[in-house]
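Q: quick one: sequence plus predicted model below, questions after.
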Amino acid sequence: MELNLAPKFAQKIFEGEGGTYYNWSSAEYELLKEAKVGGGRLVLQPRGFALPHYADSNKIGYVLQGSCGVVGIVSPKASQEVVLRLKKGDIIPVPSGAVSWWYNDGDSELIIVFLGETSKAYVPGEFTYFLLTGTQGILGGFSTEFNSRAYDINNEEAKKLAKSQSGVLIIKLPEGHKMPHPCKNSTDKLVFNIDAALPDIHVQNAGLLTALTAKKFPFLGEVGLSATLVKLDANAMSSPMYAADSSVQVIYVAKGSGRIQVVGINGERALDTKVKAGHLLVVPRFFVASAIADGEGIEYFSMITTTQPVFGEFTGKTSVWGALSPQVLQASLNVGPEFEQLFRAKIKKSTILVPPQN
């Protein structure tokens, strides 16, 4: 099985005065379709407003830039809107079918990347959005008669309801327009700042790794996904790991650059390439991935298609090499006891994040 794992940049699909939306096309990156995952990136200018909509896929939003973002969410089971404040480093799960709108209340760009699974999507490997208003909105799709009867209004009122908003997807609100204030006590339950969280692994001169699961952030259970954030220092390494539970990992490079290798079926190196900010790549089920940062370091955010991922590690205290008995290791590597003992000693001293070589 030959898979093209080469990382891709997102393509612009909409641009307006209020902002821009990009997505990764499954036609251009077929692995998205095969793995049933997808990605998109929203850039809102000051006063930019993404019109209310819902999507056919569960996803996670990660705020890359901005400090004054606002999002409103209405769950299919809820009777009122929840409004939340967003800033850089925030993670917000967005369940499929939930209506949401997004607004930039600041004076600089608000940038959010969305990663999710598309197993039930209309287009495998992509998110399909259903807008409530605007020229592509659901309101405008119904006839005047149907809108008039549904909302108990006359024909002129029905036309005004459906046709007043002439924007598409993202608009810019006029200066002075007031938007709802964030709901008290809701942000902590529905938003998690992974940048500010205590890392699960922190190695001096190597970097840090922060894992976010439903155990730590219960709202992730609503979308069936989890996330990790890896920040590697200059020339540091993230050692080889694989998802042992058959989940798929989608990686977005948020900052810096580096080199990534992925090894898959029959021990073939499926990927060996340089990646930089803006790249998205998919690590298929059971494939083993490792990264080395360039001189400026690298930061990458990952979405995993399960709430409680299980990773197999090849270095550190829980390395599979260290767990194997000496006889099995010697036979498997075809080496003598002396080399096996040397290798085992090195494994015990190793870490998942590796500082640069002296």
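A: Structure's in. What do you need?
Q: ok, and for stretch 16-36, which residues are buried?
A: Using 16 or more other Cβ atoms under 10 Å as the test for burial, stretch 16-36 gives 18-26, 29, 31-36. Any C-beta I mention is one placed from the backbone N, CA and C, and that applies to glycine too.
Q: cool, and stretch 254-268?
A: Neighbour-count burial for stretch 254-268, counted by 16+ other Cβ under 10 Å, picks out 254, 256-258, 260, 262-264.
Q: keep only those of those residues that are in strands.
A: 254, 256-258, 260, 262-263 (DSSP state E).
Q: for the residues you listed, give me TSV that also has pLDDT and distance to G137.
A: Shown next, in TSV, are these (pLDDT from 0 to 100; distance: Cβ to Cβ, whole Å):
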residue	pLDDT	distance to G137
A254	98	32
G256	98	39
S257	98	40
G258	98	42
I260	98	41
V262	98	41
V263	97	47
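Q: wouldn't E30 be in contact with E2 here?
A: No: between E30 and E2 there is no contact, the gap being 11.0 Å when judged by Cβ atoms under 8 Å.
Q: hmm, who's touching the longest helix seen in the chain?
A: Criterion DSSP state H: the longest helix present in the chain is helix 337-349. Applying Cβ atoms under 8 Å, 6 or more residues apart in numbering, the external contacts of helix 337-349 come out as 315-317, 319, 321-322, 326, 329-330, 333, 335.
Q: what about it, distance to the chain center?
A: 38 Å (Cα atoms, centre = their mean, to the nearest Å).
Q: parallel or antiparallel, which strands does whatever helix or strand comes next after it pair with?
A: Per DSSP states H and E, the first helix or strand lying C-terminal to helix 337-349 is strand 353-354. If you go by DSSP bridges, strand 353-354 pairs up with strand 237-243 (antiparallel).
Q: mind listing what's buried in the strand it pairs with?
A: Within strand 237-243, the residues that count as buried by 16+ other Cβ under 10 Å are 237-243.
Q: how much space is there between the residue nearest the centre of the chain and H53?
A: By Cα atoms, centre = their mean, the mean C-alpha position of the chain lies nearest to L115, the distance being 3.3 Å. Per Cβ to Cβ, to the nearest Å, L115 is found 18 Å from H53.
Q: which residue ranges form the helices in the stretch 201-350 of the chain?
A: 320-323, 326-333, 337-349 (DSSP state H, counting those that start in this stretch).
Q: and the second one, how far from the chain's centre?
A: Going by Cα atoms, centre = their mean, the spacing between the C-alpha centre of helix 326-333 and its chain's C-alpha centre is 39 Å.
Q: and that helix with helix 337-349, angle?
A: If you take axes from the mean of the first three to the mean of the last three Cα atoms, to 10 degrees, helix 326-333 sits at 100 degrees to helix 337-349.
Q: element containing the nearest residue to Y21 once chain neighbours are set aside?
A: Closest residue in space to Y21, ignoring its immediate chain neighbours: F14 at 4.6 Å, by Cβ to Cβ, 6 or more residues apart in numbering. In this structure, F14 is located in strand 11-16 according to DSSP H and E.
Q: that strand pairs with which strands, parallel or anti?
A: Strand 11-16 pairs in its sheet with strand 19-23 (antiparallel), by DSSP bridges.
Q: return the distance of F114 relative to H202.
A: Using Cβ to Cβ, F114 is found at 28 Å from H202.
Q: more crowded one of those two?
A: F114 (22 against 13; other Cβ atoms under 10 Å).
Q: run through the bridge partners of the more buried one.
A: With DSSP bridges as the criterion, the beta-bridge partners of F114 are G40, G61.
Q: quick check, pLDDT for it.
A: F114 is assigned a predicted lDDT (pLDDT) of 98.
Q: one more: N185?
A: N185 is assigned 71 on the pLDDT scale.
Q: now swap in F314 and tell me
A: With respect to pLDDT, F314 scores 93.
Q: how about the contacts made by it?
A: F314 touches 239-241, 288, 320-321, counting by Cβ under 8 Å, 6+ apart.
Q: I figured I60 hits I92, correct?
A: Yes: with contact defined as Cβ under 8 Å, I60 counts as touching I92 (7.3 Å).
Q: send me the lengthiest strand in the chain as PDB with only the CA atoms.
A: Across the chain, the longest stretch assigned as strand under DSSP E is strand 288-304. In PDB, the C-alpha atoms belonging to strand 288-304 read as follows (Å, rounded to 0.1, in the frame of the first residue of the first chain):
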ATOM      1  CA  VAL A 288       5.800   5.500  13.700                       C
ATOM      2  CA  ALA A 289       6.700   9.200  13.600                       C
ATOM      3  CA  SER A 290       9.700  11.200  14.900                       C
ATOM      4  CA  ALA A 291      10.800  14.800  14.500                       C
ATOM      5  CA  ILE A 292      14.000  16.900  14.800                       C
ATOM      6  CA  ALA A 293      13.700  20.700  15.100                       C
ATOM      7  CA  ASP A 294      15.800  23.100  13.100                       C
ATOM      8  CA  GLY A 295      17.900  25.900  14.700                       C
ATOM      9  CA  GLU A 296      14.800  28.000  15.400                       C
ATOM     10  CA  GLY A 297      12.900  25.200  17.100                       C
ATOM     11  CA  ILE A 298       9.500  23.900  16.200                       C
ATOM     12  CA  GLU A 299       5.900  23.800  17.700                       C
ATOM     13  CA  TYR A 300       3.200  21.500  16.400                       C
ATOM     14  CA  PHE A 301      -0.300  20.800  17.500                       C
ATOM     15  CA  SER A 302      -1.800  17.300  17.000                       C
ATOM     16  CA  MET A 303      -5.400  16.000  17.000                       C
ATOM     17  CA  ILE A 304      -5.900  12.300  17.700                       C
END
